[in-house]
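Peer 1: Structure, please.
(one chain, ligands or ions: 2)
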Amino acid sequence: MLTMRLVIVEREPLNAETPPDALAEPLTPAELFYVRNHFAVPRIDPHAWRLRVEGAVERALELSLEDVQQLPSRTITVTLECAGNGRTLLTPTPGGTPWRLGAVGTARFTGAPLSLLLDRAGLRPEAVELLFVGADQGEVEPGRVEPFARSLPVEEARGPDVLLAWAMNDEPLTADHGFPVRLVVPGWYGMASVKWLARIVALEQAFEGYFQREHYRYVQSDDPVEDAPPVTRARVRSLIVRPADGARLPLAPVEFSGIAWSGYGPVTRVEVSIDGGASWAAAELGADQGLYAARPWSFRWHPPQPGRYTVLARATDALGNSQPLSPQWNRQGYGNNACQAIQVVVGQ
Ligand code: MTE
Ligand code: MO
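Peer 2: Numbering: from 1, shown residues only. Ligands and ions are numbered 1, 2, ... in the order given. The predicted structure follows:
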């Protein structure tokens, strides 16, 4: 058996992709699940760790890990994708972590619904956003040190599926994935799921931190960054997992397989093109692991003759969102959900 490893993109801080073969499995083991760290991983003593809930609330709270684990919990299978996944396929390639297509993974996350905690704290009507502050921090610009922190509008934060997760695939979170507790915001690109959660603050105004105002925005050309639309839910996307790009195949029936997901609703259709996008045929959808989990798909193909073929996959979700054939460029390189194209060579 092949020993799979993360595909390292940057060493310090660690940024690494899920290996392609691991994406063929319904769940990605934590050791193979992509890692996206902006700063050094904070070392947290679980006994000393406390989660504070404060700001525009009736009762500020301070919870130990045990307190969080004693709240009623839910387990949800969630596909998490980094908003920068596929950035290197944009031309010109924007700056930022040079992700190819492996900044995505699927895991079972267990934790307390955030809404429970918000009810206990008693959100005041003035609250407009919830801010989630990580225990990691660093210099974001010369002389400006900030933690990784992101906010959500109150309605989103109150959603029943937003979790304060303390387990991933039924094990405690690993250091890289946010031990001891992280936020998991199903359906949203990964940046919303703040790791190493330290504080939750109910805000009366929109948060203006670096990772909210100056990053995670779909900026076109010269728009001021802070006016550009924010990156939120994951755009519908499919990946071709097998065969691999560049594979040489015999002149015999072959099965293409992959996964498809959308942060806007269930995937309802995956189509495959073997002629570079001129014609499309429906793929078969595999087992449904829930609303937020990537859906496997497969497509059997009888190559008509030897040659080089460009194979594409295209997913559509219940809202009718579908993948574009060519990427939609933006300055920070987010949300590239263009159809993946692979080449296969069919021999005699
Ligand atoms: N939370 C903290 N505290 N620090 C971070 O750097 N990165 C975010 C998010 N939460 C980040 C964070 C981004 S951009 C992504 S894509 C996901 O975590 C990645 O989660 P993972 O490393 O568990 O795959
Ligand atoms: Mo990300």
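Peer 1: C-alpha only now, for contacts and for neighbours.
Peer 2: OK.
Peer 1: For the most centrally placed residue in the chain, what are phi and psi?
Peer 2: In the chain, the residue lying closest to the centroid (C-alpha atoms, centre = their mean) is E81, at 2.0 Å. Backbone torsions for E81, taken as degrees, to the nearest 10, come to phi -130, psi 140.
Peer 1: List the residues that contact it.
Peer 2: Neighbouring residues of E81 by C-alpha atoms under 8 Å, 6 or more residues apart in numbering: A103, V104, G105, Y189, G190, A234.
Peer 1: That one and D45, how far apart?
Peer 2: Look at E81 and D45: by C-alpha to C-alpha, to the nearest Å, they are 28 Å apart.
Peer 1: And for L164?
Peer 2: 18 Å.
Peer 1: Which residue of these two possesses the greater neighbour count?
Peer 2: L164 (28 against 10; other C-alpha atoms under 10 Å).
Peer 1: Thought R182 was touching that one, still the case?
Peer 2: Yes - counting by C-alpha atoms under 8 Å, L164 touches R182, with 5.7 Å between them.
Peer 1: burial count for the residue lying closest to A60 once chain neighbours are set aside?
Peer 2: Closest residue to A60 apart from its sequence neighbours, by C-alpha to C-alpha, 6 or more residues apart in numbering: E54 at 4.7 Å. As a burial measure, E54 scores 21 neighbours (other C-alpha under 10 Å).
Peer 1: before we move on, what about E204?
Peer 2: When counting by other C-alpha under 10 Å, one arrives at 15 neighbours for E204.
Peer 1: On the three-state scheme, the closest residue to it other than its chain neighbours is what?
Peer 2: Distance criterion C-alpha to C-alpha, 6+ apart; nearest residue to E204, sequence neighbours excluded, is A127 at 4.7 Å. Following DSSP: H, G, I helix; E, B strand; the rest coil, the label given to A127 is coil.
Peer 1: ok, so what distance separates A127 from A56?
Peer 2: Distance from A127 to A56, counting by C-alpha to C-alpha: 6 Å.
Peer 1: for R314, same thing?
Peer 2: 44 Å.
Peer 1: More neighbours: which of those two?
Peer 2: R314 (29 against 21).
Peer 1: for the helix or strand containing that one, packing partners?
Peer 2: Assigned by DSSP states H and E, R314 falls within strand 307-317. Other elements packing on strand 307-317 under the criterion 3 or more C-alpha pairs under 8 Å, 6 or more residues apart in numbering; DSSP states H and E are strand 237-242, strand 267-273, strand 341-346.
Peer 1: Next, the buried residues of it.
Peer 2: Judged by neighbour count using 16 or more other C-alpha atoms under 10 Å, the buried positions of strand 307-317 are R308, Y309, T310, V311, L312, A313, R314, A315, T316, D317.
Peer 1: which among those residues are in contact with ligand 2?
Peer 2: Among the buried residues of strand 307-317, none lies close to ligand 2 by the criterion of C-alpha under 5 Å from the ion.
Peer 1: Now do F33: how many residues are near it, please.
Peer 2: Counted with other C-alpha under 10 Å, F33 comes out at 27.
Peer 1: What pLDDT does the model give it?
Peer 2: pLDDT recorded at F33 is 98.
Peer 1: With S298 instead?
Peer 2: pLDDT, S298: 98.
Peer 1: Tell me what angle the helix or strand containing it forms with strand 237-242.
Peer 2: Assigned by DSSP H and E, S298 belongs to strand 295-301. Calculated by axes from the mean of the first three to the mean of the last three C-alpha atoms, to 10 degrees, strand 295-301 forms an angle of 50 degrees with strand 237-242.
Peer 1: In CSV, list the C-alpha atoms belonging to strand 295-301.
Peer 2: Coordinates of each C-alpha in strand 295-301 appear next as CSV, following Å, rounded to 0.1, in the frame of the first residue of the first chain:
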residue,chain,number,x,y,z
ARG,A,295,-20.8,13.8,-3.2
PRO,A,296,-18.8,11.2,-5.0
TRP,A,297,-19.5,10.7,-8.7
SER,A,298,-18.4,8.3,-11.4
PHE,A,299,-18.6,8.1,-15.2
ARG,A,300,-17.9,5.1,-17.3
TRP,A,301,-16.4,5.8,-20.7
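Peer 1: got the buried residues for that strand?
Peer 2: Of all the residues in strand 295-301, those buried under the rule 16+ other C-alpha under 10 Å are R295, P296, W297, S298, F299.
Peer 1: what's the answer for stretch 57-70, then?
Peer 2: Neighbour-count burial for stretch 57-70, with 16+ other C-alpha under 10 Å as criterion, is recorded at V57, R59, A60, L61, L65, V68, Q69.
Peer 1: related to what we said a few turns ago, residues touching the strand holding S298, excluding its own?
Peer 2: Contacts of strand 295-301 (C-alpha under 8 Å, 6+ apart): 24, 26, 253-261, 267, 270, 272, 282-289.
Peer 1: make it 10 Å
Peer 2: For strand 295-301, contacts defined as C-alpha atoms under 10 Å, 6 or more residues apart in numbering pick out 23-26, 79, 238-242, 252-262, 266-272, 274, 281-289, 313, 315.
Peer 1: Parallel or antiparallel, which strands does that strand pair with?
Peer 2: Applying DSSP bridges, strand 295-301 is found paired with strand 254-261 (antiparallel), strand 284-285 (antiparallel).
Peer 1: Perfect, that will be all.
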